[in-house]
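> Sequence first, predicted model second:
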Amino acid sequence: MGTISQFAEKARPPAHRIESEEEALSIAKHLAAELAEGASERDLERVLPYEELDRLAQSGLLAISIPSEHDGIDVSNAVLAEVTATLAEADSSIGLIPQEHFYILEALRQHGSEEQKQFFFGRALAGDRFCCALSETETSAADHYETRITEDGAGHLINGRKEHSTGVLFADWIAVSALDAAGRIALSIVPRGAEGIQIIDDWDSFGQRVTGTGTAVLQNVYVNADSVIRHHRGFERPTAIDAVGQIIHAGVDLGIARAAFRETVHFVRYHARPSPGSGAEQVSEDPLAITELGKIAIHLEAATALIEHAGRKVDAAQVDPTEEHAVTASLAVAAAKVVTSEVALEAANTLFELAGTAATRVALNLDRYWRNARTHTLHDPLRWKYHAVGNYHVNGVKPPRNGAL
């Protein structure tokens with residue numbers, strides 16, 4: 001495949017091959033228990049999880065969405081979201097990092113050539129990590145690009161600057177979005193160490209602090225023609241690419257909500273003091289506190305059920321990518337993302353409402369749940385999801401194919 005095979009040799013051992021959805025869920029649970037141990041310290045000190053990402057790659061979880069005809073197990077999207085939620089409950093930064101990895105694998109499934117699929121799916125099965133370089137902050141709108149890809153002999157050159165690239169500090173391969181000469185979006189998968197790429201560790205958000213997010217500056221980066229995916233096709237015909245990307249985001253929010261709820265229950269049981277006038281000797285006996293916790297628990301059940309429902313819709317859109325299936329999948333995933341976002345913020349707020357002042361101590365770092373939920377839920381504003389769903393039901397307007405629904 002051109003010259004990209006020169007990057008195939010890796011020093012790390014090959015990743016484990018997962019054989020079933022049940023094994024994937026089991027591995028995710030065991031790995032999450034390990035990741036949870038240092039999550040608070042990593043967040044407080046902004047210790048980037050290089051070793052933890054290596055363990056994730058070696059676990060085989062990064063290959064679970066690869067189609068069966070390319071030696072993967074092609075897990076259902078509900079399982080993919082649940083694996084994400086399990087990891088995000090332990091550490092929401094680590095739970096988010098593979099989101100773009102799986103997005104790239106889905107783009108390859110939909111638009112890659114057989115040669116591209118064989119090579120890049122093979123790299124993912126071996127444990128390589130992919131990330132996207134999509135966002136640009138200096139343009140007039142979030143979906144406008146200044147980065148360009150131009151022909152150069154048998155290949156292409158890419159020039160531009162990409163900010164907020166999640167996981168770029170850990171990636172083996174970077175998928176760079178750029179406009180071609182016709183103004184169409186192309187994704188070029190280039191090795192992280194390719195000549196002309198500068199990676200800047202400049203993420204300074206108060207939340208999701210150790211996602212390895214940074215800026216990629218590209219100056220005359222050469223890419224082989226056989227490493228370019230014509231991504232504009234995903235916006236011209238019905239596919240499940242957007243829905244796959246968004247259901248993973250919903251899984252991240254669900255994981256944050258579960259973690260915040262777990263911490264609240266623990267604090268209420270063992271540390272929180274009852275409010276004056278409550279008549280309870282312990283907060284765990286306060287009927288109002290119990291009611292609040294019951295409300296969160298019910299909302300978590302609803303969020304989990306919505307993700308499972310949306311996952312089935314996305315599965316159908318992958319198998320049979322008709323306009324109807326694509327629209328149904330987008331609407332179902334939008335609903336799941338709204339509910340998971342809202343319950344993540346609700347659970348994080350309720351943690352402090354019920355746990356009280358003692359829970360605000362810096363050493364406990366319980367505020368990380370709110371910080372992480374607030375940061376992550378800003379990715380794709382919920383108001384536009386509500387609008388898209390309402391506009392479809394009222395006016396019959398199909399949801400946009402823009403990756404944000």
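Noted; the coordinates are in hand.

> Flag the shaky bits of the stretch 251-400 of the chain, pLDDT-wise.
Where the stretch 251-400 of the chain drops to pLDDT under 70, the residues are 276-280.

> ok, which stretches of the chain are helices?
For the chain, the helices defined by DSSP state H cover 21-36, 39-45, 50-59, 77-90, 92-96, 98-111, 114-126, 241-270, 287-319, 323-355, 367-376, 382-395.

> and the shortest one, what's its mean pLDDT?
Read that as helix 92-96. Helix 92-96 shows an average pLDDT of 98 in the prediction.

> returning to what we had before: would you mind saying which of the helices of the chain lies nearest Y222?
Closest to Y222 of the helices of the chain, according to C-beta to C-beta: helix 114-126, at 17.3 Å. Yep, even glycine has a C-beta here, placed from its N, CA and C like the rest.

> Output the closest one in CSV with nothing but the alpha carbons.
Written as CSV, here are the backbone C-alpha positions of helix 114-126 (Å, rounded to 0.1, in the frame of the first residue of the first chain):
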residue,chain,number,x,y,z
GLU,A,114,-10.4,-2.3,0.7
GLU,A,115,-6.7,-1.7,0.8
GLN,A,116,-7.1,1.1,3.4
LYS,A,117,-9.4,-1.1,5.5
GLN,A,118,-7.0,-4.0,5.4
PHE,A,119,-4.0,-1.8,6.5
PHE,A,120,-5.6,0.5,9.1
PHE,A,121,-7.9,-2.1,10.6
GLY,A,122,-4.8,-4.3,10.9
ARG,A,123,-3.0,-1.5,12.8
ALA,A,124,-5.9,-1.0,15.2
LEU,A,125,-6.0,-4.8,15.8
ALA,A,126,-2.3,-4.6,16.6
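
> For that helix, name the packing helices and strands.
Packed against helix 114-126 by the contact rule (3 or more C-beta pairs under 8 Å, 6 or more residues apart in numbering; DSSP states H and E) you find helix 98-111.

> Mind listing residues that contact the helix it packs on?
Contacts to helix 98-111, defined as C-beta atoms under 8 Å, 6 or more residues apart in numbering, come from residues 56, 61-62, 65-67, 80, 84, 87, 116-117, 120-121, 124, 129-132, 166-167, 173, 175, 187, 189, 229-231, 233-234, 239-241, 244-245, 248-249, 252, 318, 321.

> which of the helices of the chain sits most buried?
Across the helices of the chain, averaging neighbours per residue (mean count of other C-beta atoms under 10 Å) puts helix 92-96 on top, at a mean of 30.

> follow-up on the earlier one: need the helices of the chain in CSV (columns: distance to L179).
Conversion of the helices of the chain to CSV gives the following (distance: least, C-beta to C-beta, whole Å):
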stretch, distance to L179
helix 21-36, 37
helix 39-45, 36
helix 50-59, 31
helix 77-90, 30
helix 92-96, 27
helix 98-111, 16
helix 114-126, 20
helix 241-270, 18
helix 287-319, 27
helix 323-355, 24
helix 367-376, 28
helix 382-395, 23
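
> List just the one of these that sits closest to A225.
Between A225 and those, the tightest spacing by C-beta to C-beta is seen for helix 114-126, at 10.8 Å.

> So which of the helices of the chain is nearest N159?
Checked against C-beta to C-beta, the stretch from the helices of the chain lying closest is helix 98-111, at 21.2 Å.

> so D180 sits right up against A186, yeah?
Yes. In this structure, D180 is within contact of A186 by C-beta atoms under 8 Å, at 5.3 Å.

> contacting residues for G311?
Counting by C-beta under 8 Å, 6+ apart, G311 makes contact with S76, N77, A78, V79, L80, A81, I247.

> ok, of those residues, which one's closest to H379?
Within those, the smallest distance to H379 is 13.4 Å, found for I247 (C-beta to C-beta).

> Distance of that closest one relative to I18?
The gap separating I247 from I18 is 19 Å, by C-beta to C-beta, to the nearest Å.

> Spit out the contact partners of I199.
Counting by C-beta under 8 Å, 6+ apart, I199 touches V168, L169, R192, G214, T215, A216.

> got a list of what the closest residue to L53 other than its chain neighbours touches?
Computed as C-beta to C-beta, 6 or more residues apart in numbering, the closest residue to L53 that is not its neighbour in sequence is F170, at 4.7 Å. Residues near F170 by C-beta under 8 Å, 6+ apart: L48, Y50, L53, I97, R129, C131, G212.

> ranking those residues by neighbours, who comes first?
Highest neighbour count within the contacts of F170, by other C-beta atoms under 10 Å: I97, with 31 neighbours.

> so it touches G167, yeah?
Yes. I97 lies in contact with G167 (C-beta under 8 Å); the separation is 4.2 Å.

> and for the two, which residues touch both?
By C-beta under 8 Å, 6+ apart, I97 and G167 have these common neighbours: C131, T211, G212.

> Report the separation between the last one and F170.
When C-beta to C-beta is applied, the distance between G212 and F170 equals 5 Å.

> which neighbours do those two share?
Going by C-beta under 8 Å, 6+ apart, residues that sit against G212 and also against F170 are L48, L53, I97.

> so what's the residue lying closest to the first one once chain neighbours are set aside scoring on pLDDT?
The one in question is L48. Excluding the flanking residues, the one nearest L48 by C-beta to C-beta, 6+ apart is V210, at 5.5 Å. Predicted confidence (pLDDT) at V210: the value is 98.

> Domain-wise, how is the protein divided?
For the chain, automatic domain parsing gives the domain ranges 15-129, 148-234, 237-395.

> related to what we said a few turns ago, nearest to T304, out of the contacts of F170: which one, please.
For the contacts of F170, with T304 as the reference and C-beta to C-beta as the criterion, the closest is I97, at 22.0 Å.

> Can you give me every residue that contacts that closest one?
Taking C-beta under 8 Å, 6+ apart, we find I97 in contact with L53, L56, C131, T166, G167, F170, T211, G212.

> I figured the first one was touching D128, is that so?
No. Look at L53 against D128 with C-beta under 8 Å: they stay out of range, at 11.6 Å.

> which stretches of the stretch 101-250 of the chain form strands?
Using DSSP state E, counting those that start in this stretch, the strands of the stretch 101-250 of the chain run over 130-133, 148-152, 155-165, 173-179, 185-191, 197-200, 214-224, 228-229.
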